[in-house]
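Chemist: would you be able to build a 3D model of this:
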Amino acid sequence: MSSNRPQELDSPHWDKSTKTLVIASAFVLIGLGMWQFQSLISTLIMAAILAYILDVPINLLKEYTRLSRGQVVGVIYGLCAFMVVGLLVAAGVTIFNQGQALLKNIQDIIRLGPTQFNDFMNRTFQVGTLSFTPSQQNINIQQVLEQALSVIQGILGTGAEFAGNAATTTVTWIGNAVFVYVLSIYFALELPHMADSITDTVYQPGYRRDLKRLLTETGLVWNSYLRGQTTLALIMGITTTVLLSLLGVNNALALGILTGMLDFIPLLGSSIAIGLAVLVAVFQDSNWLGLSPIWFGVLVLALGIGLQQIEGNWLAPRIVGEALGLHPLSIMIGAIIGGTLLGLVGVMLAAPVIATAKLFGIYTWRKLFDLPPFVNLSPPRDQGKGKRG
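Modeler: Residues are numbered from 1 along each chain as shown. Next comes the predicted model:
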């Protein structure tokens, strides 16, 4: 009788219908939770990104010292906090003043734009023996201009409201930043064990190997994008600030910071930054080069396009690499969907999320048809480039 007791205590297996019901219920609950706690998800994502980016200096310092990981995390995060506070104290007033001045410049552009546009359309341009007056041509772009100005006015209305509530917004932003900072410390401490914790939940050896390989390739994708894109954004922001300052464009520091931030937005970010810089250049009072506003704007436009080409054709392949392997249209659609679900964070992370979904999607598709899952699923093409960059 005692020999039958272990069999009586064995848990019964779930049948297919029970498994299907459990999986479907889990997906529904996860979806409802993500919808209900969208703001918290964005905070967790930002904390995880910060921990992932700082994992490189943490590993380097741990490798060359006898400190434990906890001590190294404390040192790195302490230095980051000191640098951020120091930067805010040293340049915070300048950044704030230039940001306000930039907002005022754009508002002036909205107010004076139609008048200056009409002057431009009625102006006669002489090129050798040829003369050209835009208003005499069959070009109907006045309506397009008015629509563009109305869109910009709506955006600026939100910006003005933000500036009017600057104190409340600043306190909220600081609170969120501190929360992200603290969460990121916990992520940084547990980051080396996260992959093993996930794979340990899979007991079958074959599936465990599959999951380890998928996690490794996913890590390569996110490593290439996050760390590479952060480096690229810093380079573009600093370069833009320096070059616009040399040209004498107003609010060069604010425009440079904005360029670095917009560089995270796929495809359109750099174009938006160039457009703002051109508008500021065209509508500023004068420049040390003695150029007319139109030609000064053309110069800034040429500079922006040149930087954009250098970034896309030389810097990005070497720093970010080609780990994503995505069509630009898929990135654009993903950015729209991500922006709808998670706002700016969703737009910024659309590309690596789609690449990760593609990675797991190919694996799932091949498993469903009993095909070898990794035949066409090779490691990212830029693995070597990512290490050199």
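
Chemist: contacts, neighbours, all on C-alpha from now
Modeler: Noted.

Chemist: pretty sure Leu40 sits in a helix.
Modeler: Yes - checked against DSSP: H, G, I helix; E, B strand; the rest coil, Leu40 lies within a helix.

Chemist: Leu291: what secondary structure?
Modeler: Leu291 - assigned by three-state DSSP - is coil.

Chemist: for the remainder of this discussion, apply numbering that starts at 67.
Modeler: With 67 as the first residue, the last one maps to Leu357.

Chemist: pLDDT score for it?
Modeler: Note for Leu357: predicted pLDDT of 88.

Chemist: ok, Gly303 next?
Modeler: For Gly303, the predicted pLDDT is 93.

Chemist: Ala92 now?
Modeler: Each residue has a pLDDT score; the one for Ala92 is 83.

Chemist: that one: which element?
Modeler: Counting by DSSP states H and E, the element that carries Ala92 is helix 82-102.

Chemist: tell me how far that helix is from the chain's mean position?
Modeler: 30 Å (Cα atoms, centre = their mean, to the nearest Å).

Chemist: mind listing the strands for this protein?
Modeler: 191-193, 196-198 (DSSP state E).

Chemist: flag whichever of those has the least confidence on average.
Modeler: strand 191-193 (a mean of 64).

Chemist: contacting residues for the nearest residue to Leu116 once chain neighbours are set aside?
Modeler: Once flanking residues are discounted, Leu116 sits nearest to Ser250: 6.3 Å by Cα to Cα, 6 or more residues apart in numbering. With contact taken as Cα atoms under 8 Å, 6 or more residues apart in numbering, Ser250 is in contact with 113-114, 116-117.

Chemist: of those residues, just the buried ones, ChimeraX syntax please.
Modeler: To isolate the buried ones among the contacts of Ser250 in ChimeraX, judged by 16 or more other Cα atoms under 10 Å, type:
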select :113,114,116,117
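
Chemist: tell me which residues in the helix holding Ala92 are buried?
Modeler: So for helix 82-102, nothing qualifies as buried (16+ other Cα under 10 Å).

Chemist: elements contacting it?
Modeler: Using 3 or more Cα pairs under 8 Å, 6 or more residues apart in numbering; DSSP states H and E as the contact test, no helix or strand touches helix 82-102.

Chemist: identify the residues contacting it?
Modeler: Ile107.

Chemist: export it to PDB, keeping only CA atoms.
Modeler: Provided in PDB are the C-alpha atoms of helix 82-102 (Å, rounded to 0.1, in the frame of the first residue of the first chain):
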ATOM      1  CA  LYS A  82      -4.500  20.200 -24.600                       C
ATOM      2  CA  SER A  83      -7.700  22.200 -23.900                       C
ATOM      3  CA  THR A  84      -6.500  23.100 -20.400                       C
ATOM      4  CA  LYS A  85      -3.100  24.200 -21.700                       C
ATOM      5  CA  THR A  86      -4.800  26.300 -24.400                       C
ATOM      6  CA  LEU A  87      -7.100  27.900 -21.900                       C
ATOM      7  CA  VAL A  88      -4.200  28.700 -19.500                       C
ATOM      8  CA  ILE A  89      -2.000  30.200 -22.200                       C
ATOM      9  CA  ALA A  90      -4.900  32.300 -23.600                       C
ATOM     10  CA  SER A  91      -5.800  33.500 -20.200                       C
ATOM     11  CA  ALA A  92      -2.200  34.400 -19.500                       C
ATOM     12  CA  PHE A  93      -1.900  36.400 -22.700                       C
ATOM     13  CA  VAL A  94      -5.200  38.300 -21.900                       C
ATOM     14  CA  LEU A  95      -4.100  39.100 -18.400                       C
ATOM     15  CA  ILE A  96      -0.600  40.300 -19.600                       C
ATOM     16  CA  GLY A  97      -2.200  42.500 -22.200                       C
ATOM     17  CA  LEU A  98      -4.700  44.000 -19.700                       C
ATOM     18  CA  GLY A  99      -1.800  44.600 -17.300                       C
ATOM     19  CA  MET A 100       0.300  46.300 -19.900                       C
ATOM     20  CA  TRP A 101      -2.600  48.500 -20.900                       C
ATOM     21  CA  GLN A 102      -3.400  49.400 -17.400                       C
END
